[in-house]
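>>> below is the sequence, then the predicted model.
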Amino acid sequence: MMISDAIEDEDKWLAEGITRIQHNAFYMHRALIIFTFSLSISDFSHLILKFFHY
C-alpha cells in the first residue's frame, strides 16, 4: 500500500511540475515575442530615419 501511495505522490508532483513549466514557458514565449517585436520596430525606425536622412 505504501508503494502505491508513493507512486501516486510522484505522479502528482510530476503533473504539478509539468503544469508549472508550461505556465512559465507561456510567459517566457510571450516575453520573447514582445522583445523581438520591439527590436523589429527599432530596426525599422532606424531604417526609415536613414532613408529620409539621405
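Structure's in. What do you need? Since the model is a prediction, treat every value here as computed from it, not as a measurement.
>>> where does this protein have low pLDDT?
1-2, 54 (pLDDT under 70).
>>> how about the helices in it?
For the chain, the helices defined by DSSP state H cover 2-53.
>>> point to the residue nearest the middle of this structure.
Against the mean C-alpha coordinate of the chain, by C-alpha atoms, centre = their mean, the closest residue is M28 at 2.1 Å.
>>> what's the neighbour count on K12?
Here the number of neighbours of K12 (other C-beta atoms under 10 Å) works out to 10. (Glycine included, C-beta is placed from N, CA and C.)
>>> then Y27?
Y27, neighbours per other C-beta under 10 Å, totals 9.
>>> distance of the residue nearest to the centre of the chain relative to T19?
15 Å (C-beta to C-beta, to the nearest Å).
>>> do L39 as well
31 Å.
>>> same check on S38?
In terms of C-beta to C-beta, S38 sits 29 Å off from T19.
>>> repeat that for D9.
Noted for D9: a distance of 16 Å to T19, by C-beta to C-beta.
>>> swap in D43?
Distance, D43 to T19, by C-beta to C-beta: 37 Å.
>>> please apply the same query to I48.
Applying C-beta to C-beta to I48 and T19 gives a distance of 44 Å.
>>> what of A31?
Counting by C-beta to C-beta, the gap from A31 to T19 is 19 Å.
>>> check A25 too.
11 Å.
>>> ok, E10 next?
For E10, the distance to T19 (C-beta to C-beta) stands at 15 Å.
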